[in-house]
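1. sequence? don't have it. structure:
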C-alpha cells in the first residue's frame, strides 16, 4: 500500500497546498483475475482535483471515500463529476463514492443539479455503515467527533494499516481507529493553549497523544490551516509522541 499526499491544507486551500485529498494505491487482482494497481481517493477538497493529475489519472480511480461533507473535504467532487461525465473519451463507468448519509444530495446541490438523477449516473453512492472492501483494500469507517456526521477511516491491505482521522475533536474512537497502525494521518487544526471550541478539531498535542496511546508506528500531521505555524503544531505533536512524526506535504509518498 502506498499513500500520496495530494492536498493537506486545513479548512481552505493554502498558498502551498490544496485542501484535503490523499491518494492510496495497492496492487491486487481484478474481477478477471488480472493483476493491476487499485486506487482510492480519500477526500476531494478545494483545488484537489487539479493536483491529483500530477500523481494519477483521475479516470483510473476506483473509488472515492469522503470523510465528511464540509467543502474543504468534498467540494471538488463537483469538478470530478464534470470530468467523468464530459471527458472526450466518453462517459465513464460509475465508480463507488462512500460517505455519510446525504452525500448524493449534498453533491447534487453543490453543482445545482436536481436531486434525481443528480450525480447518480456518474457515481454509485454508498453510505458508511460496516466494514467494506474495494479491491485489495479493507476499509473500516469509524464515527468521530465533528459538527456534522464525520468518519475516520482505517484502511488495511495485508498486514499494512493506514489510519486517517478525517476532521475530529478528541474522542476515544480514535484509539480503535489508529490501534497499532503503520501510519496515522492525523489532523491538527488547533494550537494547544488556545480557547478552542469543543468537538471540532485536534491540537498538535492531541494528535501526538493519539499516536502514542494507540501505539501507531508513525505520525503524519495534516490539515493545519494556513493561519497557523505548521512547525509549531508539529512540535506540539512531537512533545506527546516519541515515534517518527512529520508534517504532511503535497507530493510526499509513504510506502506502508
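-> Thanks, I have the structure now. Since the model is a prediction, treat every value here as computed from it, not as a measurement.

2. quick one, phi/psi of residue 96?
-> With angles defined as degrees, to the nearest 10, residue 96 sits at phi -70, psi 140.

3. that one and residue 66 touch, don't they?
-> No. In this structure, residue 96 is not within contact of residue 66 by CB atoms under 8 Å, at 11.1 Å. The C-beta positions use only the backbone N, C-alpha and C, and glycine is treated the same way.

4. tell me which of those two has more neighbours.
-> Using other CB atoms under 10 Å, the more surrounded residue of residue 96 and residue 66 is residue 66, with 28 against 15.

5. residues in contact with the more buried one?
-> By CB atoms under 8 Å, 6 or more residues apart in numbering, the contact set of residue 66 is 43, 44, 73, 74, 77, 97, 98, 99, 100, 103.

6. chain neighbours aside, what residue packs nearest to the last one?
-> Leaving aside its sequence neighbours, residue 103 sits nearest to residue 125 (CB to CB, 6 or more residues apart in numbering; 5.6 Å).

7. angles on the backbone of the one you found, please.
-> Phi and psi for residue 125, reported as degrees, to the nearest 10, are phi -80, psi 130.

8. partners of it in the sheet?
-> Note on residue 125: beta-bridge partners residue 97, judged by DSSP bridges.

9. same thing with residue 154?
-> Listed by DSSP bridges, the beta-bridge partners for residue 154 are residue 140, residue 163.

10. that one touches residue 183, doesn't it?
-> No. Look at residue 154 against residue 183 with CB under 8 Å: they stay out of range, at 11.2 Å.

11. who has more neighbours out of these two?
-> For residue 154 versus residue 183, the count of surrounding residues by other CB under 10 Å is larger for residue 183: 24 against 20.

12. how many neighbours does the residue lying closest to that one once chain neighbours are set aside have?
-> Computed as CB to CB, 6+ apart, the closest residue to residue 183 that is not its neighbour in sequence is residue 218, at 4.7 Å. When neighbours are counted by other CB under 10 Å, residue 218 registers 17.

13. so who does residue 218 touch?
-> Going by CB under 8 Å, 6+ apart, residue 218 touches 182, 183, 184, 243, 244, 245, 254.

14. need the three-state assignment for the third one.
-> Right, residue 184. Here residue 184 is strand, with the state taken from DSSP: H, G, I helix; E, B strand; the rest coil.

15. so it makes contact with residue 211?
-> Yes. Between residue 184 and residue 211 there is a contact under CB under 8 Å: 5.1 Å.

16. spatially central residue for the protein, please.
-> Residue closest to the mean C-alpha point of the chain, counted by CA atoms, centre = their mean, is residue 42 at 3.3 Å.

17. please, which helix or strand holds the closest residue to that residue other than its chain neighbours?
-> Leaving aside its sequence neighbours, residue 42 sits nearest to residue 22 (CB to CB, 6+ apart; 4.2 Å). Counting by DSSP states H and E, the element that carries residue 22 is strand 21-29.

18. so for that strand, what gets flagged as buried?
-> Within strand 21-29, the residues scored as buried using 16 or more other CB atoms under 10 Å are 21, 22, 23, 24, 25, 26, 28.
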